[in-house]
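Asker: Requesting a structural model of the entry that follows:
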Amino acid sequence: QVQLVETGGGSVQPGGSLGLSCAPTETINNILAMGWYRQVPGKQRELVAVVARDGTTNYADAVQGRFTISRDSTTISVYLQMKNLKPEDTGVYYCNVRYYSGSYSVGSLDYWGQGTQVTVSS
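Answerer: Numbering: from 1, shown residues only. Next up is the predicted model:
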């Protein structure tokens, strides 16, 4: 069973920077996109940033210009560099890999990381 291993995160003061990394324990084929999501208590998990197979990136409006997503196609790793962090960036960050199942009827499937806490507080 493939697992996504996340590293990084932690606590930082407002205006600080943090980086997150995510890598799978096994090769994943037919990747459609890799991304990062955030969840806070009482709210649904929301997209923070995603990089598609063709390299196209997309960011949540709240992080545009402050966060940068990148990937290493060789190691199938995805990274999130976070700058000028704000208290509202606090949450559990989850790595996601979406891949094609190989079945037209099934379509795409997702792998999720275990989540890593990011806390921005003075």
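Asker: bridging residues for the residue nearest the centre of the chain?
Answerer: By Cα atoms, centre = their mean, the mean C-alpha position of the chain lies nearest to Trp36, the distance being 1.7 Å. Here Trp36 sits in beta bridges with Ala49, Cys95, going by DSSP bridges.
Asker: Convert stretch 12-23 to PDB, retaining C-alpha atoms only.
Answerer: Output in PDB follows, covering the C-alpha atoms of stretch 12-23 (Å, rounded to 0.1, in the frame of the first residue of the first chain):
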ATOM      1  CA  VAL A  12       6.400  29.900  13.400                       C
ATOM      2  CA  GLN A  13       5.600  33.500  14.100                       C
ATOM      3  CA  PRO A  14       3.600  35.700  11.700                       C
ATOM      4  CA  GLY A  15       5.800  36.700   8.800                       C
ATOM      5  CA  GLY A  16       7.900  33.600   9.000                       C
ATOM      6  CA  SER A  17       8.500  30.900   6.500                       C
ATOM      7  CA  LEU A  18       8.100  27.100   6.500                       C
ATOM      8  CA  GLY A  19       8.500  24.300   4.000                       C
ATOM      9  CA  LEU A  20       6.700  21.100   3.500                       C
ATOM     10  CA  SER A  21       7.800  18.000   1.600                       C
ATOM     11  CA  CYS A  22       5.900  14.900   0.600                       C
ATOM     12  CA  ALA A  23       7.200  11.700  -1.100                       C
END
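Asker: relative to its centroid, which residue of the chain is most remote?
Answerer: In the chain, by Cα atoms, centre = their mean, Ser105 is the one farthest from centre (26.6 Å).
Asker: what about it, distance to Gly8?
Answerer: Distance, Ser105 to Gly8, by Cβ to Cβ, to the nearest Å: 37 Å. Glycine gets a C-beta too; all of them are placed from N, C-alpha and C.
Asker: how about stretch 76-87: buried residues?
Answerer: If you call a residue buried by 16 or more other Cβ atoms under 10 Å, then stretch 76-87 has these buried ones: 76-82, 85.
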